[in-house]
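Q: Using only what follows, build the 3D model:
(one chain, ligands or ions: 1)
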Amino acid sequence: MASMTTPRLPFLPARTRSAVTTSSSSSSSSPSPRRSIKCSSSTNANSAPLPSTSRRPPAPVADGVGSADLNGLRAPSVPVADSPLPAYRDPHGLPRPLTSADLMESSGEGLKVAYQGFPGAYSEAAAKKAYPNCQTVPCEHFDTAFQAVQNWIVDRAVLPLENTLGGSIHRNYDLLLRHELHIVGEVRLAVRHCLLANRGVKIENLRNVISHPQALAQCEHTLTELGIEHRQAVDDTAGAAKLVAEQMLQDTGAVASSLAAELYELDILAENIQDEKVNVTRFMMLAREPIIPRVDKPFKTSIVFSLEEGPGQLFKALAVFALREINLTKIESRPHKKRPFRVADDTFSTRVKYFDYLFYVDLEASMADPKTQNALRNLEEFATFSRVLGSYPTDVSEA
Ligand SMILES: O=C(O)C(=O)C[C@]1(C(=O)O)C=C[C@@H](O)C=C1
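A: Residues are numbered from 1 along each chain as shown. Down below sits the predicted model:
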């Protein structure tokens, strides 16, 4: 996210102030050295996000969605009763076997899907795009959404990973390593921001604007052009809209979606206020179990690894893919919190401590492809740690 100073504004209630976030992370990822690669709401403005303290012991899913055991991998299944019957009949009118494709193309009927923020957040729209018939569950923090899946409170989480204007959402990269969830899909969403205010308030009355830090960064220039000087970061865009409405603020607007305007009964003072017309956020879909990778449609595989100290180590790591003509779509480096330093001898034979990193890489390849499996086996020979985060269909839809 673009760096930005967000002066504290006196009008925010204490709870909201404490919820102000930055994208810097405090997570402690726990990759163990030389670990082997595993293949591995209905919208209601009053629904409060799940607090971070929501914990429940693991229990079987109780939402009517079963699971199938296929080649040892449990994959989520569609609720069969709701599937259109003709699709499950062969030309003789007999039922045809359910395939893994059927399982993966689930519309989300009966699924509970966690997202971060209040109803009306872009993340909720992404969850609905990913699982059109799901029940969305708002969560206070990213961390809460991860926990909610892990503790069987919900079936999936849909969380942002990167944005075309603001860049990566580092916190979610770090959280991937703190949990044992799998990426089972991705979804891209066009984010069109609006400037919202209470009825009767005009742009010239606004002295402050509140929103999610990414949203504020995405609208930075436009907000300045509109003459609004002060920004305040809060947990999510819809939460900002809710706050403006509930506090009946007259000098403060919110950057949020048109759906948030509708839900919290605010006026839209300006539309499409992001600095660039194209503003797309990519979200990951997370589940407790991996899906079965395929080769008959575009797939991506997300991995994370760390390397020894030495010249050309990263070059060598990326070469395992280049040599097999596997395209990389993204690379991100994050601090290796469990092993923050690597010791090296420099050219003067002095021992120096360099920061150590984890590399998150997205491959344009399926884990079902032997080429990908060979590349990862090759990487494992010299990586100090590696893990497959998921192999999932590429989102080829319009954002
Ligand atoms: O605050 C929201 O509405 C969100 O869904 C969060 C979020 C983000 O984390 O980047 C999602 C998409 C937009 O890029 C802005 C904010």
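Q: So which residues of this protein form helices?
A: With DSSP state H, the ranges of helices along the chain come out as 14-18, 100-104, 122-130, 142-150, 170-178, 213-218, 220-225, 237-246, 258-263, 313-322, 370-380.
Q: Show me what the fifth one is packed against.
A: It stands for helix 170-178. Helix 170-178 sits against helix 142-150, strand 156-163, strand 328-335, strand 357-363, with contacts defined as 3 or more Cβ pairs under 8 Å, 6 or more residues apart in numbering; DSSP states H and E. Using the backbone N, CA and C atoms, a C-beta is placed for each residue, glycine as well.
Q: And the second one, how far out from the chain middle?
A: From the chain centre to the centre of strand 156-163 is a distance of 1 Å (Cα atoms, centre = their mean, to the nearest Å).
Q: pretty sure residue 286 contacts residue 186?
A: No. Residue 286 lies out of contact with residue 186 (Cβ atoms under 8 Å); the separation is 10.6 Å.
Q: Which of these two has more residues huddled nearby?
A: Per other Cβ atoms under 10 Å, whichever of residue 286 and residue 186 has more neighbours is residue 286, with 28 against 21.
Q: The more buried one bridge partners, please.
A: Bridge pairing for residue 286 (DSSP bridges) gives the partners residue 157, residue 183.
Q: distance of it from the ligand?
A: Per Cβ to the nearest ligand atom, to the nearest Å, residue 286 is found 15 Å from the ligand.
Q: do the same with residue 265
A: 18 Å.
Q: Please name the nearest non-neighbouring residue to that residue.
A: Spatial nearest neighbour of residue 265, chain neighbours left out: residue 245 (6.2 Å); criterion: Cβ to Cβ, 6 or more residues apart in numbering.
Q: and that neighbour, how many neighbours?
A: 21.
Q: show me what contacts it?
A: 198, 264, 265, 266 (Cβ atoms under 8 Å, 6 or more residues apart in numbering).
Q: Reformat those as TSV; add neighbour count.
A: What follows is these, written out as TSV (neighbours: other Cβ atoms under 10 Å):
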residue	neighbour count
198	19
264	24
265	12
266	24
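Q: which one among those residues gets closest to the ligand?
A: Closest approach between the contacts of residue 245 and the ligand, by Cβ to the nearest ligand atom: residue 264, at 12.8 Å.
Q: Phi, psi for that closest one please.
A: The phi and psi values for residue 264, taken as degrees, to the nearest 10, are phi -100, psi 10.
Q: Surely it and residue 237 touch.
A: No. Residue 264 lies out of contact with residue 237 (Cβ under 8 Å); the separation is 10.9 Å.
Q: so what's in contact with those two at the same time?
A: residue 120.
Q: what separates the one residue in the stretch 251-399 of the chain that gets nearest to the ligand from residue 161, distance-wise?
A: Proximity of the stretch 251-399 of the chain to the ligand (Cβ to the nearest ligand atom) peaks at residue 281, 4.0 Å away. Distance from residue 281 to residue 161, counting by Cβ to Cβ, to the nearest Å: 8 Å.
Q: and if you look at residue 353?
A: On the measure of Cβ to Cβ, residue 353 and residue 161 end up 30 Å apart.
Q: between those two, who's got more neighbours?
A: residue 161 (21 against 11).
Q: can you tell me which residues contact that one?
A: Counted by Cβ under 8 Å, 6+ apart, residue 161 has contacts 168, 169, 172, 173, 186, 282, 283, 284.
Q: Which of the residues you listed fall in strands?
A: 168, 186, 282, 283, 284 (DSSP state E).
Q: which residue packs closest to the second one, ignoring adjacent ones?
A: Leaving aside its chain neighbours, residue 186 sits nearest to residue 395 (4.8 Å; criterion: Cβ to Cβ, 6+ apart).
Q: Enumerate the residues of the chain near the ligand.
A: With the criterion set to Cβ under 6 Å from any ligand atom, the chain comes near the ligand through 117, 121-123, 160, 163, 169, 191, 212, 214-215, 236-238, 281.
Q: What's the ChimeraX line that selects buried ones from those residues?
A: Typed into ChimeraX, the next command selects the buried ones out of the residues of the chain next to the ligand (criterion: 16 or more other Cβ atoms under 10 Å):
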select :117,121,122,123,160,163,169,191,212,214,215,236,237,238,281
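Q: from the residues of the chain next to the ligand, which is closest to residue 271?
A: Closest approach to residue 271 among the residues of the chain next to the ligand (Cβ to Cβ): residue 191, at 12.5 Å.
Q: Contacts only, for the closest one.
A: With Cβ under 8 Å, 6+ apart, residue 191 has these contacts: 122, 163, 215, 218, 274, 279, 280, 281.
Q: one more time with 6 Å, if that's ok
A: By Cβ atoms under 6 Å, 6 or more residues apart in numbering, the contact set of residue 191 is 122, 279, 281.
Q: now those residues in CSV, with pLDDT and distance to residue 142?
A: Formatted as CSV, the contacts of residue 191 follow (pLDDT from 0 to 100; distance: Cβ to Cβ, whole Å):
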residue, pLDDT, distance to residue 142
122, 97, 14
279, 96, 20
281, 97, 14
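Q: still on that earlier bit, could you export the contacts of residue 161 as a markdown table, including pLDDT?
A: Converted to a markdown table, those look like this (pLDDT from 0 to 100):
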| residue | pLDDT |
| --- | --- |
| 168 | 95 |
| 169 | 95 |
| 172 | 97 |
| 173 | 97 |
| 186 | 97 |
| 282 | 98 |
| 283 | 98 |
| 284 | 98 |
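Q: And the contacts of stretch 172-185?
A: By Cβ under 6 Å, 6+ apart, stretch 172-185 touches 25, 27, 29, 142, 146, 149-150, 159, 161, 284-287, 290-291, 302, 332, 334, 360, 389-390, 392.
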